[in-house]
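[1] need a 3D model of the sequence below.
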Amino acid sequence: MTDLIVKQGSTFSRVLRWESPTVVYKPITAITKSAPVRITAATHGVPDGWRVNIQSVQGMKQINALNTPPKTSDYHKATVIDANTITLNDVNALEYGTYTSGGVVAYNQPIDLTGYTARMQIKAKLADATIILELTSSPAAGLTVDNVAKTITITLTAAQTTLLTFKTAVYSLEMVSSGGAVTEIMSGKITLDKEITR
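    Predicted coordinates for the structure are as follows:
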């Protein structure tokens, strides 16, 4: 369950990344004592903005995930510099120990979004037949599926959010494969933050 807050009268945008259960491990060959920290891992394959964790590094042990298996707090959003290098903008490694050897960049493999479409409904209550708002990726209406970036983006325009009147509602976002298989990847409550300026 992921709850959302929508500001009435403002554009709402949320970028989602659909992870598979398969974990990818890419060996690290260098880490800089810098802010943000810069990590070299040949052909890492990390999509820009993907969450990663660092494991088994020697020397700069402060950068390692604290939990096995890693918890949400052990992950960092990666910025891709090139095919072999990423930075972690939220990690200041200036006072960390010096990297000596080993370690891996670990992340959940992205789902291949080829052939997938997305659909989302907002209702006052789960059992309601009345749909407050419906978004789709095909035709393009509020949802965008990008298989290159491995992202699914939800966008509500300011005009759409202005018309919303509920205090709270519920939503469900589903992915539909080319073969018709449906997978719910996110659902929860939407709280409307009422507009003051009109």
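
[2] list of residues touching the longest strand along the chain?
    If you go by DSSP state E, the chain has its longest strand at strand 182-193. Outside strand 182-193, the residues that touch it by Cβ atoms under 8 Å, 6 or more residues apart in numbering are 1-8, 16, 18, 122, 152, 161, 164-177. Quick note: C-beta positions are derived from backbone N, CA and C, even for glycine.

[3] what sits closest to residue 91 if chain neighbours are left out?
    Sequence neighbours aside, residue 37 is the residue nearest to residue 91 in space, at 4.4 Å (criterion: Cβ to Cβ, 6 or more residues apart in numbering).

[4] scratch that, residue 160 is what I was asking about
    Residue 160's closest residue in space is residue 133 (Cβ to Cβ, 6+ apart), at 6.8 Å.

[5] that neighbour and residue 3, how far apart?
    Separation of residue 133 from residue 3 (Cβ to Cβ, to the nearest Å): 17 Å.

[6] so what's the model's average confidence on stretch 145-157?
    Computed over stretch 145-157, the mean pLDDT rounds to 97.

[7] now do stretch 37-53
    Averaging pLDDT along stretch 37-53 gives 98.

[8] now do the same end-to-end measure for that stretch.
    Criterion Cα to Cα, to the nearest Å; first-to-last residue distance in stretch 37-53 is 13 Å.

[9] so residue 133 and residue 3 - more neighbours on which side?
    residue 133 (18 against 12; other Cβ atoms under 10 Å).

[10] and this protein, what are its domains?
    Annotated domains of the chain cover 4-18+113-193, 20-110 [automatic domain parsing].

[11] check the offset of the longest one from the chain's centre.
    When you say that, I think you mean domain 4-18+113-193. The chain centre lies 14 Å from the centre of domain 4-18+113-193; the measure is Cα atoms, centre = their mean, to the nearest Å.

[12] start to end distance for it?
    End-to-end span of domain 4-18+113-193 (Cα to Cα): 10 Å.

[13] all the helices of this structure, residue numbers only.
    Using DSSP state H, the helices of the chain run over 158-162.

[14] any low-confidence regions in it?
    Residues of the chain meeting the criterion pLDDT under 70: 196-198.

[15] of the contacts of strand 182-193, just the buried ones, ChimeraX syntax please.
    Typed into ChimeraX, the line below selects the buried ones among these, using 16 or more other Cβ atoms under 10 Å:
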select :4,6,8,16,18,122,152,161,164,169,170,171,173,175,176
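
[16] and the gap between the residue nearest to residue 91 and residue 58?
    From residue 37 across to residue 58, the span is 15 Å (Cβ to Cβ).

[17] what's the burial count for residue 144?
    Using other Cβ under 10 Å, residue 144 has 16 other residues around it.
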